[in-house]
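> give me a model of this one.
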Amino acid sequence: MASYRCYFMGTNGQLVGAETITADTDESAATAARDSFLRRAYAAGYELRQGNRQIGTQEAQAS
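Got it, this is the predicted structure:
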């Protein structure tokens, strides 16, 4: 199992939260990060990292 860090961003790109994710693969970590992001109404986006390596990012879609 590997440890990842998910950083949640506000509308101006500021850091508004973070969460540690433990997963077997990058793909399962990305799924967990997306699910966690969707539960956070205050977050406008997120960035998933493992150390210095960026795994993925997502921004909220405008409605």
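
> use CA for all of it now, contacts and neighbours both
OK.

> what comes up buried for stretch 21-30?
21, 23, 26, 29-30 (16 or more other CA atoms under 10 Å).

> among those, which lie within helices?
26, 29-30 (DSSP state H).

> can you find the helix or strand in this protein with the smallest mean pLDDT?
strand 53-59 (a mean of 92; mean pLDDT, DSSP states H and E).

> low-confidence bits of the protein, can you list those?
Within the chain, the stretches with pLDDT under 70 are 61-63.

> change it to 80
60-63 (pLDDT under 80).

> that older thread, closest one of the buried residues of stretch 21-30 to R53?
D26 (10.8 Å; CA to CA).

> quick one, what contacts the closest one?
Each residue near D26 by CA atoms under 8 Å, 6 or more residues apart in numbering is listed here: I55.

> start at 853 instead
All right, first residue 853 from here; so that's D878.

> how near is it to Y856?
9 Å (CA to CA, to the nearest Å).
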